[in-house]
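A.B. asks: Here you go, sequence then predicted model.
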Amino acid sequence: MKDLRNWLALATVHGLDGLKFQRLSEHITAAELVALPASALRNIGFTSRQAQLLAYESEAKVELALRWLEQAEDHHIIPYNHPDYPVLLKQTKQPPLLLFVKGNPQVLSQQQLAMVGSRQPTPTGRRIAQDFAAELTQQGYVITSGMARGIDTESHKGALQASGITIAVLGHGLDQIYPAANKSLAEHIAGQGALVSEYFPQVAPLPKYFPQRNRIVVGLSIGTIVVEAALKSGSLISANLAAEYSRDVFAVPGNIYNPQSAGCHLLIQQGAKLVTCPADILEERSFLTSICTKNEPTESKNCNTDLFTMSLLANVGDDVTAIDTIAERSGLAVTEATIALLELELAGEVATVPGGYIRVRSA
């Protein structure tokens, strides 16, 4: 419990993410860091505000968070060093220092596809979101979104209606529900999947939190599906993040005269995979199943929890990446990474080029 208290105290410091703490931890432990006075915190690089938060304001927030944890069996707090902390999320540029979870924390490590799009979709867009989510959950994927109005909401509903698993990443604390109209939806999501937030439970929704939320939606997922998005929308930010993380981007085309489709068309022009049905996505991801079952005639393997290959592929992009860089990012020995990359090369997912490997995108 003392260790958790330390993590919670550090999580009150705005701007301190998992990677920054990892660098700090090479020189000082979490317990030692929490015990430092504000002056010493400023001396090691904390801003005055960060030092004040940790030294003077963290204790009350920690107590409230621990009280929330004890309120229900489905309340969980997952620090950056916890086994349930998602591997793919650790590979992003700003992984949260910890996650608050209501529901089943183990679903965070299952194979996820993010779905994002307009908050004011057309009836066709709503139907596409529900249909895609329903079919993809039946194929074993977890649907991850942000529970905003529009495509987010319809994606969660589609997954739930198909008795699938869905995850909602919220831009506020888990004691809050926004929009309020989604209160019942949130309860169903927690029952069949999980509600997730990096914010302390009592934190109210603010506009500045939602773009931050998007990096977690994308970071948890092996690919992002965009259904109806205008040229200037948060969905395009999510798609760009997915590309930056070397994750797949799928875009559903629409009417060329509809501004809600302009963002998707731009993504397709930039190299996103055009998809008109879930089968297009399944085709792109089908190599996972073949690798999971390869050379295992007597023993089945759960592809939903086989993150080894997914995490490796997530670190190979369109630019040449050296083998030792891929191994370091994936947390593997170079020998292990080489063997796994050979399998991916045989599956047609990566190619060997001078200097390392590149991702092979399907035509």
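C.D. replies: Alright, I've got the coordinates. The structure presented is a predicted model; accordingly, all values stated were derived computationally and were not measured. Numbering: from 1, shown residues only.

A.B. asks: Was I right to think Asp84 contacts Ser109?
C.D. replies: Yes: under the criterion of CB atoms under 8 Å, Asp84 makes contact with Ser109 at 6.9 Å. (Glycine included, C-beta is placed from N, CA and C.)

A.B. asks: Comparing these two, which residue is more hemmed in?
C.D. replies: For Asp84 versus Ser109, neighbours defined as other CB atoms under 10 Å are more numerous around Ser109 (19 against 15).

A.B. asks: any idea how far Val353 lies from Arg359?
C.D. replies: 11 Å (CB to CB, to the nearest Å).

A.B. asks: and if you look at Ala230?
C.D. replies: In terms of CB to CB, Ala230 sits 28 Å off from Arg359.

A.B. asks: Give me the more crowded residue out of Val353 and Arg359.
C.D. replies: More neighbours surround Arg359 than the other of Val353 and Arg359, with 18 against 10 (other CB under 10 Å).

A.B. asks: For Pro179, the count of nearby residues, please.
C.D. replies: When neighbours are counted by other CB under 10 Å, Pro179 registers 13.

A.B. asks: For the nearest residue to it once chain neighbours are set aside, what are phi and psi?
C.D. replies: The shortest distance from Pro179 to any non-neighbouring residue, by CB to CB, 6 or more residues apart in numbering, is to Arg149 (5.8 Å). Phi and psi for Arg149, reported as degrees, to the nearest 10, are phi -60, psi 150.

A.B. asks: Equivalent analysis for Phe100, please.
C.D. replies: According to degrees, to the nearest 10, Phe100 has phi -90, psi 130.

A.B. asks: How many residues are close by it?
C.D. replies: 26.

A.B. asks: any low-confidence regions in this structure?
C.D. replies: 286-311, 333-336, 339, 343, 346-347, 361-363 (pLDDT under 70).

A.B. asks: Run through the neighbouring helices and strands of the longest helix along it.
C.D. replies: Ordering each helix of the chain by length in residues (DSSP state H) puts helix 123-138 first. For helix 123-138, the packing partners by 3 or more CB pairs under 8 Å, 6 or more residues apart in numbering; DSSP states H and E come out as strand 112-117, strand 142-145, helix 151-161, strand 223-227, helix 278-285.

A.B. asks: now Arg126, nearest residue through space, not along the chain?
C.D. replies: Closest to Arg126 by CB to CB, 6+ apart is Glu154, at 4.7 Å.

A.B. asks: re earlier: out of the helices and strands packed on helix 123-138, nearest to Ile256?
C.D. replies: Ile256 sits nearest to strand 223-227 of all those, at 16.1 Å, using CB to CB.
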